[in-house]
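# below is the structure, and that's it, no one-letter string:
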């Protein structure tokens, strides 16, 4: 079976038979990341085309959110999607670290420690936004935070890293599965349907990720869910940090927050 065919089969399993999909990853942790990478590439390409064709004023932005200026080319949306691998890497790294923190010990204490550690980037962002911390110091403090996480990352072996990476990348499969439904909502100009699909995709993806991370790390799904959720929060902190550091243009930031 060719790699694209195997990737399609893995995507189908992650979307509709996650137990089987995660089992396939754990049975072949070296090969699975390559298949999951193809799923990620398919997601990036499909997303770029979808957002290029979707009216940028639909659905109506939330109050206080400044919409993108229209129109934007396919090249712009491809440029936006080029940030997806970096966001995926942040998700994998953050989930790996938080899962190590939450795996053992009393959950209330471990969860409190995880939330407090996740608050550190927020404090940095607030200090930088208010001019209390300059950009060079802001970047330096981020390096310190990352260095503090290294021991937790080094505790994971290569097999665990491969499994986590493959699971979190392959978890883009539900987005691909719901693409026809999102397209129908756009064609019908049904904002309620679009928002329902957004919530469905959010919980579907979180559920698949939590189940997969729980299996890969041999930890309860509830603890894995907390690790994955904090990992997604870390992605948001990363995006705003890149913008504050001057590495992420404002229009790309707005696009990433809209997708």
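Nice, thanks for sending it over. Keep in mind that this is a model prediction, so the values were computed, not measured.

# now do the same contact list for residue 200.
Contact partners of residue 200, counting by CB atoms under 8 Å, 6 or more residues apart in numbering, are residue 178. For the C-beta atoms, the positions are set from N, CA and C on the backbone; glycine is no exception.

# name the element it belongs to?
Per DSSP states H and E, residue 200 falls inside helix 191-217.

# and that helix, what's buried?
193-194, 197, 201, 204-217 (16 or more other CB atoms under 10 Å).

# following that helix, which helix or strand shows up next?
Next element after helix 191-217 (DSSP H and E): helix 221-244.

# what is that next one packed up against?
helix 84-102, helix 107-129, helix 135-154, helix 191-217, helix 250-258 (3 or more CB pairs under 8 Å, 6 or more residues apart in numbering; DSSP states H and E).

# got the angle between the fourth one and helix 84-102?
Translated: helix 191-217. Helix 191-217 and helix 84-102 are oriented at 50 degrees to each other (axes from the mean of the first three to the mean of the last three CA atoms, to 10 degrees).

# over to the second one?
Interaxial angle, helix 107-129 versus helix 84-102 (the same axes, to 10 degrees): 140 degrees.

# now swap in the last one and tell me
An angle of 50 degrees separates the directions of helix 250-258 and helix 84-102 when computed by the same axes, to 10 degrees.

# which helices and strands does helix 250-258 pack with?
helix 74-81, helix 221-244.

# go on, the third one?
Under the contact criterion of 3+ CB pairs under 8 Å, 6+ apart, helix 135-154 touches helix 84-102, helix 107-129, helix 221-244.

# now with 6 Å?
helix 84-102, helix 107-129 (3 or more CB pairs under 6 Å, 6 or more residues apart in numbering; DSSP states H and E).

# between these, which gets the lowest average pLDDT?
Of all these, mean pLDDT reaches its minimum on helix 107-129 (a mean of 87).

# how far is that one from where the chain is centred?
Helix 107-129 has its C-alpha centroid displaced from the chain centroid by 18 Å (CA atoms, centre = their mean, to the nearest Å).
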